[in-house]
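Q: Here you go, sequence then predicted model.
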There are 2 protein chains.
Amino acid sequence: MNLSKTSKYAFRILVHMAKDEKALYSAQQLHQNIDVPERYLRRLLTDLSKSGFIKSIQGRQGGFIFARDISTITLLQIVESVDGLDSINECILGYDSCAFDYSCPMHDVWAETKMKIIDTLTKTSLKDIHNNRLEDF
Amino acid sequence: MNLSKTSKYAFRILVHMAKDEKALYSAQQLHQNIDVPERYLRRLLTDLSKSGFIKSIQGRQGGFIFARDISTITLLQIVESVDGLDSINECILGYDSCAFDYSCPMHDVWAETKMKIIDTLTKTSLKDIHNNRLEDF
DNA sequence: GTAAAATACTACAAACAAGTAGCATTTAAT
DNA sequence: ATTAAATGCTACTTGTTTGTAGTATTTTAC
């Protein structure tokens, strides 16, 4: 499993937005609340729009708002759209051939853990994430 | 969890060597058996020597051999020496502060999976890895 | 209709990871 | 001794990811 910094940023954005599911967030507003470089954040927001998680509203009172119900957006979908499925699914030894026609020496040892990772990412939607302790993330 | 390509290479090397625990392997020999760029492999072997997993024997009949019993070498130790512990332990949102004084919004959702990952890496030694199906890794 | 506040696009820059090259050193075979 | 085969060191090159900048476009307030 390989979670890029950009995927982590995407999580931060969408998890933050999920706190008030129906609200409209401007890039600036998000930047003030989560620690992601402003220009990079804006580019990422555009990408997340194109992926269909959120939609952008242009113009003076514009911003970003969820494009579909947050109970239908899973963590796996987010990683998949940013990093690609391979980043999660890849063999722990990095062998391309593993998992198709044969398995690598570490396959069995790692299989259960990998399953657990994929299972959690698949089953957890943005709706399932609740803030605890602090509100300032 | 973030496993660099280099960590995967390290796994390949050590897992391969573990097939014949007491044998001496030259860089060239390893290169012929596992798919890692030759010069990069050699540099990595030197690093793994310095980390104390293997020891190098210089000179004409030289090579690399395990420096300690492979039952004492865990996967976590290997990742730790190559990528650092942070790569495993890092918060899924990438927040530095998470896990110290407070927890991020995804902390609870991810905690169990993270535990599983660390647990598996901690409990699995090179001795525990057995080859299955194919021998040519 | 003009200005302000927002997103969109595209190119560039910096930082980091991965891979390569040259030469030095060590040791064994001959 | 000389040569061959191995590792050790250090610098360089390439590729990828992350971050920045400039300018265009869209829409609302006035």
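A: Received, thanks. Numbering: from 1, shown residues only, chains lettered A, B, ... in the order given.
Q: going forward, measure contacts between C-alpha atoms and count neighbours the same way
A: Fine.
Q: For stretch A:113-128, list every residue counted as buried.
A: Neighbour-count burial for stretch A:113-128, with 16 or more other Cα atoms under 10 Å in any protein chain shown as criterion, is recorded at A:Thr113, A:Lys114, A:Lys116, A:Ile117, A:Ile118, A:Thr120, A:Leu121, A:Thr124, A:Ser125, A:Leu126, A:Lys127, A:Asp128.
Q: Just checking stretch A:84-96 against chain B, any contact.
A: Yes: for stretch A:84-96, a contact with chain B is found by Cα under 8 Å from any Cα of the partner chain, at A:Ile92, A:Leu93, A:Gly94.
Q: what about the second one, distance to B:Lys5?
A: When Cα to Cα, to the nearest Å is applied, the distance between A:Leu93 and B:Lys5 equals 8 Å.
Q: Could you do the first one as well?
A: Per Cα to Cα, A:Ile92 is found 10 Å from B:Lys5.
Q: State the three-state secondary structure for the spatially closest residue to A:Ile92 that is not a sequence neighbour.
A: With Cα to Cα, 6 or more residues apart in numbering or on different chains as the criterion, A:Ile92 has its nearest non-adjacent residue at 6.6 Å, and that residue is B:Lys8. With DSSP: H, G, I helix; E, B strand; the rest coil as the basis, B:Lys8 sits in helix.
Q: so B:Lys8 makes contact with A:Leu93?
A: Yes: with contact defined as Cα atoms under 8 Å, B:Lys8 and A:Leu93 form a contacting pair (4.8 Å).
Q: These two: who's more crowded?
A: Neighbour totals were compared for B:Lys8 and A:Leu93, and A:Leu93 leads with 23 against 19 (other Cα atoms under 10 Å in any protein chain shown).
Q: what's near enough to touch that one?
A: With contact taken as Cα atoms under 8 Å, 6 or more residues apart in numbering or on different chains, A:Leu93 is in contact with A:Cys104, A:Met106, B:Lys8, B:Tyr9, B:Phe11, B:Arg12.
Q: Where does the last one fall, secondary structure wise?
A: Yep, that's B:Arg12 we're talking about. Element membership for B:Arg12, per DSSP states H and E: helix B:5-18.
Q: Downstream of that helix, the next helix or strand is which one?
A: helix B:27-33.
Q: hmm, stretch A:48-67 touching DNA strand D?
A: Yes: using Cα under 7 Å from any atom of the strand, we find that stretch A:48-67 touches DNA strand D at A:Ile57, A:Gln58, A:Gly59, A:Arg60, A:Gln61.
Q: interface residues of chain A facing DNA strand D?
A: A:4-6, A:36-40, A:43, A:57-61.
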